[in-house]
Each structure stands twice: as C-alpha cells, then as structure tokens.
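Peer 1: A structural model of the following input is requested.
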Amino acid sequence: MTQNIHFDPVRLPPEAQVLRGEVRAFLAEEIAAGSFNPECETDNDGFDRAFSQRVGAKGWIGLTWPKKYGGHERSFLERYVVTEEFRVANAPTRGHFVADRQSGPMLMKYANKDICMDVLPRICRGECCFCIGMSEPGSGSDLFAAKTKAEKSAGGWRVNGTKVWTSSAHHADYMIGLFRTSPPTEENRRHGLTQFLVDMTLPGITVNPVHQMNGSHDFNEVVFDDVIIPGTHVLGDVDMAWQQATSELAYERSGPERFLETFYILVGLVRLLGANPDLRGAEGIGRLVAQVHTLRRMSVSVNGMLQGGKEPVLEGSIVKDLGTLWEQALPAKARDLAAFSDPEAANRISFEEQLEYATMIAPKLTIQGGTTEVLRGIIARGLGLR
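Peer 2: Below is the predicted model of the structure:
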C-alpha cells in the first residue's frame, strides 16, 4: 500500500527549552567532576551505570512513560532535547539509552503486567541495560530473513541460533529478541516471527565481541544454544512480530543520535578555523551547519509525530538514511576544510586525534539501526516503487 511521506512543521515548546537549560547545567557539573570527556567518545565505550543512575535520579529516563511505571508523563519533544544535549556532549548513555528509547515502550505495549511492573521502574532508575537482537549472520538488516529458532518446549520456548551486530550485548541485562517461531508463508515472508524478552543471564547464551578497526568494542555476536525462555516472556502475538518490529523502528531510527555521533568533529573544526575563517572555510562550515540543521528539523518533526500517536516509519527511515550518510562523510569533509589551517593552531593535535577516531568508527554507523540499502528498500516499498 502506497504511503505519503510528510514531515509535520513541529517546533520545540517552551518547556523543552527550560529543560534544555537544566540538562546543560547537569552535564557541565558531570564534565567538571571528570565523569566523561566531551571532546570525543568515552574510553569506556559510552557505558557507565553510575552515570545512568544519576540521570535516572533526575527523572530523565522514561520521561514520556506513565507514572505508575516510574515515568514522568512528559512529551516526546522534551525527551528529544535530553537526547540531543547528551549526544552533543558525548555523555556515556549506553547503559540506559536503548531501554529508554525503544525497549521500554515495547514492553509497555506487549509485555504482561508483572514484567512491566518489575522491569520498567528499574529502567527509569538507570538500573537496566537492554540490547536488541534482530540482525543475523547472512541476513544483516533484513529482519524478515531471521532464522534463529524458538520452538515450543516444556519449559517455555527453546532458542537456537545467532544474532550479530548486537550493540552493548556484553553489558545488557535483557534483550528484546526477534526469533522465528514458524516458517514464512508464500503469501507473507514476514509471517512466523515472534519477539521475546530475554534475560541475558540465562544458561546457553554466549556473547562474543565484534571489534572495530580502532580496537573499540560495542558490537557483539550473541549465540543461543538450547536457551529456555519462559512462555510469559513472549511479547505480543506469536508469529506476528513483524507488525511490532516495524513500529519499533520508528523509535530507533528517528532520533538526533542518528546524525550527531560524529558531531564533535564539526565543533572541533569550527574551533580550529577560528572566528575569522577564510572564504573556503566559512563556506564549508556554512554548508555543514545548514545540513545538520535540516536533519534536526526533520528529526524534531518525527518526534512530534510520535508525540501525536503516529507511526512515522518512512519518515524515521529517511532521517536515519540521510543522517548516517552525513555523519559518516563529516570527518573527510572536515579534514579537507582543515587542510590549509595553521599547523601551529592550539587544538590542531586534538583535532587530528578526533578525526582519526571518527574515521575509523564511521563504517559502523551504517550497520546500527539498519543499513542504507534496507532503509531505502523500506522507503521504496512505502512509495509503491517495489
């Protein structure tokens, strides 16, 4: 069915701007205390449980959730501001971010009451780390090609298979896993997939690191060997997870984290070129700022639509596609613009270190959240082109 692509003209409300000031003050205190380095990615791969718990104590995890689950019933646009400020500051949010962004909302919608009352308040306190088990070897971001099987057994469901590119699985307390519970049908290859809440301490789960070129580690391979998942941990309807997973991706693909992961390069470039850059540098910075501003307006729009109860899957896919390409290309563009800068500039060495880091982590940005090819396939299908 053909869908229209539309970005609502959404603006951040006054309460979001007030919250921005509070978040900036908090981050300034954390930086002054030495909690993390805002100039680049943190040495601990962005994971810090103590930091997450301090964020939880501020009430900034589960910001949009019902109060009965420990949430604060504030808007998606206020949550957008928190995410934006944390990402620009390179704050170590991996301990709670996935749970806050998408796993918690999935549990609220599809998990039973006991699980919600147990897990969701712990997420809000910054005590629960989640990972997402979707991609598999040989199928990557093609979620509907998943082969990891979950078969009915006496103790619930027996799972065998492998997930890969699983961010933060080595830290995670839980996974939202997408497993095959029935074969696909000729009419619908999406049929036969079911989502589960997986306790990552269950026997039979092995987490193997997938290292990046610079030696850092946030991706993982997760192997399931006769893992028994309780029947109460099925999320939603058996065999019908494709409907759930599709709506979940609107949360995953639309936030400012999808174009701000290398933003520190733009900040470093502006500092390096100084208050009076030459014409070439000024034009280059102007183009980059205009591009990131456009991405930001689109992302704010999607979050405004989520606030309105819509499911902007196509719009979220566009934000992720364009945002990934922008943040991947940024290091090379910045290197080109900085080529004729003063070699004795005060921050030249630190900027070169930032460039080296960003260049080596750039390839992973296409993998997390869905590859460019898959995203464009989703967009094309929504437009009726395939």
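Peer 1: Beyond the host helix or strand of V159, next helix or strand please.
Peer 2: Secondary structure from DSSP states H and E places V159 in strand 156-163. Per DSSP H and E, strand 156-163 leads on to strand 174-180 as the next helix or strand towards the C-terminus.
Peer 1: tell me which strands and helices that following strand is in contact with?
Peer 2: Using 3 or more CB pairs under 8 Å, 6 or more residues apart in numbering; DSSP states H and E, the elements in contact with strand 174-180 are strand 130-133, strand 149-153, strand 156-163, strand 193-199. No exception for glycine: its C-beta is placed from N, CA and C like everyone else's.
Peer 1: List of residues touching the strand holding V159?
Peer 2: 133-137, 147-152, 169, 175, 177, 179, 181, 196, 198, 204, 221-234 (CB atoms under 8 Å, 6 or more residues apart in numbering).
Peer 1: could you point out which element follows the lengthiest helix in the chain?
Peer 2: In terms of residue count, the longest helix belonging to the chain (DSSP state H) is helix 279-307. Sequence order places helix 313-337 as the next helix or strand after helix 279-307, per DSSP H and E.
Peer 1: Quick one: list the elements packing against that following helix.
Peer 2: helix 241-252, helix 263-273, helix 279-307, helix 348-361, helix 372-382.
Peer 1: Turn the ones you listed into a markdown table, including mean neighbour count.
Peer 2: What follows is these, written out as a markdown table (neighbours: other CB atoms under 10 Å):
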| stretch | mean neighbour count |
| --- | --- |
| helix 241-252 | 20 |
| helix 263-273 | 20 |
| helix 279-307 | 18 |
| helix 348-361 | 17 |
| helix 372-382 | 17 |
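Peer 1: P92: which of those helices is closest?
Peer 2: Nearest of the helices and strands packed on helix 313-337 to P92, taken as CB to CB: helix 263-273 at 14.1 Å.
Peer 1: which other helices and strands contact the closest one?
Peer 2: Using 3+ CB pairs under 8 Å, 6+ apart: helix 263-273 touches helix 279-307, helix 313-337, helix 348-361.
Peer 1: Looking at those helices, spot the one closest to G59.
Peer 2: Across the helices and strands packed on helix 263-273, closest to G59 is helix 279-307 (CB to CB), at 18.1 Å.
Peer 1: can I see the domain layout of this protein?
Peer 2: Domains of the chain are assigned by automatic domain parsing as 14-128, 132-245, 253-382.
Peer 1: could you redo those domains as CSV and give each row distance to Q3?
Peer 2: CSV is the format used below for the domains of the chain (distance: least, CB to CB, whole Å):
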stretch, distance to Q3
domain 14-128, 21
domain 132-245, 15
domain 253-382, 4
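Peer 1: Can you say which of those domains is nearest to N4?
Peer 2: domain 253-382 (8.6 Å).
Peer 1: if you average pLDDT over the closest one, what comes out?
Peer 2: For domain 253-382, mean pLDDT is 86.
Peer 1: What of stretch 66-73?
Peer 2: 96.
Peer 1: so how far does that stretch reach from one end to the other?
Peer 2: 5 Å (CA to CA, to the nearest Å).
Peer 1: what residues does it touch?
Peer 2: 59, 62-65, 104, 108, 116-117, 120-121, 123-125.
Peer 1: in it, what's buried?
Peer 2: Neighbour-count burial for stretch 66-73, counted by 16 or more other CB atoms under 10 Å, picks out Y69, G70, G71, H72.
Peer 1: Let me know the closest of the residues you listed to G286.
Peer 2: The closest of those, once distances to G286 are taken by CB to CB, is H72, at 38.4 Å.
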